[in-house]
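>>> Compute the structure for the input listed below.
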Amino acid sequence: QVQLQESGPGLVKPSQTLSLTCTVSGGSITTNYYYWTWIRQPPGKGLEWMGAIAYSGSTYYSPSLKSRTSISRDTSKNQFTLQLSSVTPEDTAVYYCANYRLAVGGADFGSWGQGTQVTVSS
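Residues are numbered from 1 along each chain as shown. Modelled structure (predicted):
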């Protein structure tokens, strides 16, 4: 069973860069056909897909966040990392890491982390 765990600061100041790491156990982030993703949920709103890094190392980003988002990985540690720059209070959310495989018509999600609250405030 693949398990994911988010880690990072819970409080970030406006204009700074938010950085979160997802540590994966029970499976490899280089396993064929799996995508490793960051998803967030602002208070009172729905889930927002931010981007993903594929088993190959290719990255994909939400168009609305692309200019501020970077996802990278460390295969030696079986981790992948989110960086979101120039944060504002609107980036306050619970941030989740998860994995999925592409399926007809969408994505077949597998495992999720428990989520981590990040608040942007001075």
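>>> Pull out the buried positions in the helix or strand of the chain with the lowest mean pLDDT.
The weakest-scoring helix or strand in the chain, judged by mean pLDDT, DSSP states H and E, is strand 106-112 (a mean of 91). Neighbour-count burial for strand 106-112 flags 111-112 (criterion: 16 or more other Cβ atoms under 10 Å). C-betas here are computed from N, CA, C, even on glycine.
>>> so what strands line up beside that strand?
strand 93-103 (antiparallel) (DSSP bridges).
>>> Tell me where this structure has strands.
Ranges of strands in the chain, per DSSP state E, are 3-7, 11-12, 18-25, 34-41, 48-54, 59-61, 69-74, 79-84, 93-103, 106-112, 116-120.
>>> In terms of secondary structure, what does the second one contact?
Applying 3 or more Cβ pairs under 8 Å, 6 or more residues apart in numbering; DSSP states H and E, we find strand 11-12 packed against strand 116-120.
>>> centre of the chain versus the strand it packs on, how much separation?
The chain centroid and the centroid of strand 116-120 are separated by 13 Å under Cα atoms, centre = their mean, to the nearest Å.
>>> and it, what's its mean pLDDT?
In this model, strand 116-120 carries a mean pLDDT of 98.
>>> distance of the residue nearest the centre of the chain from V104?
Against the mean C-alpha coordinate of the chain, by Cα atoms, centre = their mean, the closest residue is W38 at 2.0 Å. According to Cβ to Cβ, to the nearest Å, W38 and V104 sit 24 Å apart.
>>> shaky segments in the chain?
Along the chain, no part satisfies pLDDT under 70.
>>> ok, K13 - contacts?
120-122 (Cβ atoms under 8 Å, 6 or more residues apart in numbering).
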